[in-house]
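1. Structure here, sequence nowhere to be found:
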């Protein structure tokens, strides 16, 4: 089963018909417990059970749960970078690293053989809360829900969390569908994109400096969204290059690539999905100051929505006035690729600095 998805919103909805939850920065999973056996599935319906051995041992009746796997950084804040570091590359047995994860549960879809998809969210939530005391596992949690979404948005911003998801209390569960009955209001603009090529650092080092990313189109080719170099310092760039090593191909997967982007590019089959953060879109449809946030081995290129040119135009209009840039940021407004210019081991380009740049919205 594929999870139900929320639609992006520019504001948190008001009214008693809405309930509000923290938007977690992690990977969506569907958890199935049958006969005491736990199986975990990614958003693309991939079995990832073996990647999270610390989640075993939960004792619950036969059921299906919807939640988010998160990895906490040293400050106790969910970090997609930490999650990507924990599983470097495709999900395989034995690749789990020591950093433990936690599952934040927010829905129950089946309970003791009874399908709950057509039951309103409010009733499903009551059933989930009734199950919470039985979890008895430090890696499984049922976070609270709130009536005041605007206040929750402020609190999540103050605590470095990703944002808010608002759900209509009467909403039914629609597997695999993106619905306006669920709305997400993130603090930063993040999107999943497909990698179609990469370039070496320009200083001559044999390291990945930037990737060319795009969104799928109806004809199967990618629409170029820009180059991403920020955030690829340290291990992040090495991990990503490992995933691209066996995908090299002769044909460019993009429909149109300017000469300055194509020069020196190594094309790859469009199979690897990553998350990037940006200040929206520039007038020509390129991401503004994109920064790498992490691999998405839980997604395939088929899971990234096909790009509708009309939707892109609306996104460009919405991003025409960029957010304020940090003092001293002299990067071009369209895109920022400091990692392509050079990675070094100084504080300026350290992984910690890259993480901070992402948090600052660069």
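-> Perfect, I can see it now. Please read these numbers as outputs of a predicted model, since none were measured by experiment. Residues are numbered from 1 along each chain as shown.
2. Pairing partners for the helix or strand that contains residue 179, with directions?
-> Remark: residue 179 resides in strand 178-186, with elements defined by DSSP states H and E. Counting by DSSP bridges, the strands paired with strand 178-186 are strand 5-8 (parallel), strand 163-168 (antiparallel).
3. nearest to residue 269, of those strands?
-> Among those, strand 5-8 comes nearest to residue 269, with 25.8 Å by CB to CB. In this view, the C-beta of every residue, glycine as well, is placed from N, C-alpha and C.
4. Just the residues contacting whatever helix or strand comes next after that closest one, thanks.
-> Tracing the chain C-terminally past strand 5-8 and defining elements by DSSP H and E, one meets strand 18-23 next. For strand 18-23, the external contacting residues (CB atoms under 8 Å, 6 or more residues apart in numbering) are 12, 104, 106, 121-122, 125, 143, 145-149, 152, 156, 161-169, 184-186.
5. Just the buried residues from the residues you listed, in ChimeraX please.
-> In ChimeraX, a selection of the buried entries from these looks like this (16 or more other CB atoms under 10 Å):
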select :12,104,106,121,125,145,146,149,152,156,161,162,163,164,165,166,167,168,169,184,185,186
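6. For this structure, just list every one of the helices.
-> 80-86, 121-135, 149-158, 235-244, 259-262, 309-318, 338-341, 351-359 (DSSP state H).
7. Between those helices, pick out the one with the smallest average pLDDT, please.
-> Between the helices of the chain, the one with the least mean pLDDT is helix 351-359; it has a mean of 35.
8. how many neighbours does the residue lying closest to residue 256 once chain neighbours are set aside have?
-> In this structure, residue 256 finds its nearest non-sequential neighbour in residue 224, 6.6 Å apart by CB to CB, 6 or more residues apart in numbering. Using other CB atoms under 10 Å, residue 224 is surrounded by 24 other residues.
9. now residue 159
-> Neighbourhood size, residue 159 [other CB under 10 Å]: 11.
10. which regions of the stretch 151-300 of the chain lie under the pLDDT threshold?
-> For the stretch 151-300 of the chain, applying pLDDT under 70 flags the ranges 203-205, 283.
11. Quick one: the strands in it, in order.
-> 163-168, 178-186, 189-200, 208-216, 222-228, 266-267, 273-278, 291-295 (DSSP state E, counting those that start in this stretch).
12. Out of these, which is closest to residue 237?
-> Among the strands of the stretch 151-300 of the chain, strand 208-216 comes nearest to residue 237, with 4.5 Å by CB to CB.
13. Give me the helices and strands touching that closest one, please.
-> Here strand 208-216 touches strand 189-200, strand 222-228, helix 235-244, strand 273-278, helix 338-341, going by 3 or more CB pairs under 8 Å, 6 or more residues apart in numbering; DSSP states H and E.
14. Turn the ones you listed into JSON lines, columns for distance to residue 112.
-> As requested, those are arranged in JSON lines below (distance: least, CB to CB, whole Å):
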{"stretch": "strand 189-200", "distance to residue 112": "35"}
{"stretch": "strand 222-228", "distance to residue 112": "45"}
{"stretch": "helix 235-244", "distance to residue 112": "40"}
{"stretch": "strand 273-278", "distance to residue 112": "35"}
{"stretch": "helix 338-341", "distance to residue 112": "51"}
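15. what sits against residue 275?
-> Going by CB under 8 Å, 6+ apart, the list of residues near residue 275 reads 80, 190-193, 292-294, 296.
16. Compare those and tell me which is most surrounded.
-> residue 193 (29 neighbours).
17. close enough to count as contact, it and residue 216?
-> No. At 9.5 Å, residue 193 does not count as touching residue 216 under the criterion of CB atoms under 8 Å.
18. Any chance you could list residues touching both of the two?
-> Contacts common to residue 193 and residue 216, judged by CB under 8 Å, 6+ apart, are residue 304.
19. measure the residue lying closest to residue 265 once chain neighbours are set aside to residue 270 for me?
-> Of all residues not flanking residue 265 in the chain, residue 197 sits nearest, at 4.4 Å (CB to CB, 6+ apart). Remark: distance between residue 197 and residue 270 (CB to CB, to the nearest Å) = 9 Å.
20. residues contacting residue 136?
-> Contacts here follow CB under 8 Å, 6+ apart; on that basis residue 136 touches 58-59.
21. Any chance of the backbone angles for it?
-> Main-chain torsions, residue 136, degrees, to the nearest 10: phi 50, psi 50.
22. Mind pulling up the pLDDT for it?
-> Note on residue 136: pLDDT of 78.
23. The one 3 residues further on now?
-> With respect to pLDDT, residue 139 has a value of 91.
24. what residue lies at the spatial centre of the chain?
-> Among the residues of the chain, the one closest to the centroid is residue 275, at 5.3 Å (CA atoms, centre = their mean).
25. Check the gap between it and residue 113 for me.
-> 36 Å.
26. if I look at the residue nearest to the centre of the chain, how far off is residue 80?
-> From residue 275 to residue 80 the distance is 6 Å (CB to CB).
27. cool, and residue 59?
-> Applying CB to CB, the value for residue 59 to residue 80 is 30 Å.
28. mind checking how far residue 274 is from residue 153?
-> Residue 274 is 26 Å from residue 153, where distance means CB to CB.
29. hang on, residue 270 packs against residue 302?
-> No. Using CB under 8 Å, residue 270 is not in contact with residue 302; the gap is 10.3 Å.
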